[in-house]
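>>> mind looking at a prediction? Sequence and model below.
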Amino acid sequence: MGEDFAFPNRVLIAGATGGVGVHVVRRLQQLGVTCRVLTRDANRAAALGVAEIVQGDVLRPEDCRSAAAGCDAAICTVGEYRIPKDRPIVDGDGVINLADGVAAAGTRRFILVSSLGSGESWSWLPFFVKGYFHAMRARPILTAKTRSDAHVRALDLDWTILWPAYLTNRPMRSAPLLTEGRAGGTTSRQAVADVAVRCLASPSAIARTLVVVDHFMRVTLRRGGLFELDVPWEAWPPG
């Protein structure tokens, strides 16, 4: 696939040691794309294999600008699971800093892994899903994502925002479903990574906010058909 489509030469990945990020790095490595990783923990990032490691924090704007310099694209997979008590939520300020740093570096392509529940999608989430977010006290994270999503859309970038549903570690068995309408259920982390990487070489995804769900979630599709990327899905090599 990498030989048939114009993938970037060097991609910055923020959140590379997280559940989605490790899959992003793995897939880019399979395609022969140079990975630059912005991480707070260089020792943990060393387990990713061959990658350029930049130690830094997305909450520091200067770290974001430095990390983005010389990259052709960026994929942001940062996110919180709990509300921090002593610092801003990275889903808000961290994403904004990274997007601003990418723009300042002259890098055009920016893929943001956000979440269902951000922005207008909150209004059509099922009641029990909203209840889950409130029970987990995670609503401020979605508020932060709403703010950073809007910030990314306003920048002069070739952006794509991905809204996955409930994330799982289930292996990706076939092509994930994409829509600009409504869908829900589950999304494997590997599927999110697959879509994020294919978006890098898919001009059709520029300036799009795409809901990503597992292939067996077709029954949840509402209002709007499936969206197809320029780069077709293919199974990943094992390993």
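Sure thing, it's come through.

>>> buried ones in the helix ranked longest in the chain, by neighbour count?
The helix spanning the most residues in the chain, taking DSSP state H as the definition, is helix 139-154. Buried residues in helix 139-154, counted by 16 or more other C-beta atoms under 10 Å: I141, L142, A144, K145, T146, R147, S148, D149, H151, V152. The way it works is simple: take the backbone N, C-alpha and C, and place the C-beta from them, glycine included.

>>> residues contacting the fourth one?
Think K145. Listed by C-beta atoms under 8 Å, 6 or more residues apart in numbering, the contact partners of K145 are D91, G92, V95, S114, S115, G117, S118, G119.

>>> circling back to that earlier point, extract the CA atoms of the helix or strand following the longest helix of the chain and return them as CSV.
Downstream of helix 139-154, the next assigned helix or strand under DSSP states H and E is strand 158-164. Extracted in CSV, the C-alpha atoms of strand 158-164 (Å, rounded to 0.1, in the frame of the first residue of the first chain):
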residue,chain,number,x,y,z
ASP,A,158,-5.2,20.2,6.3
TRP,A,159,-6.9,18.6,9.2
THR,A,160,-9.0,15.5,9.8
ILE,A,161,-10.8,14.8,13.1
LEU,A,162,-11.7,11.2,14.0
TRP,A,163,-14.5,10.4,16.5
PRO,A,164,-14.2,6.8,17.5
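
>>> strands paired with strand 158-164, and their directions?
strand 109-113 (parallel), strand 208-213 (parallel) (DSSP bridges).

>>> quick one: closest of the ones you listed to S174.
Comparing these against S174 with C-beta to C-beta, the closest turns out to be strand 208-213 (12.2 Å).
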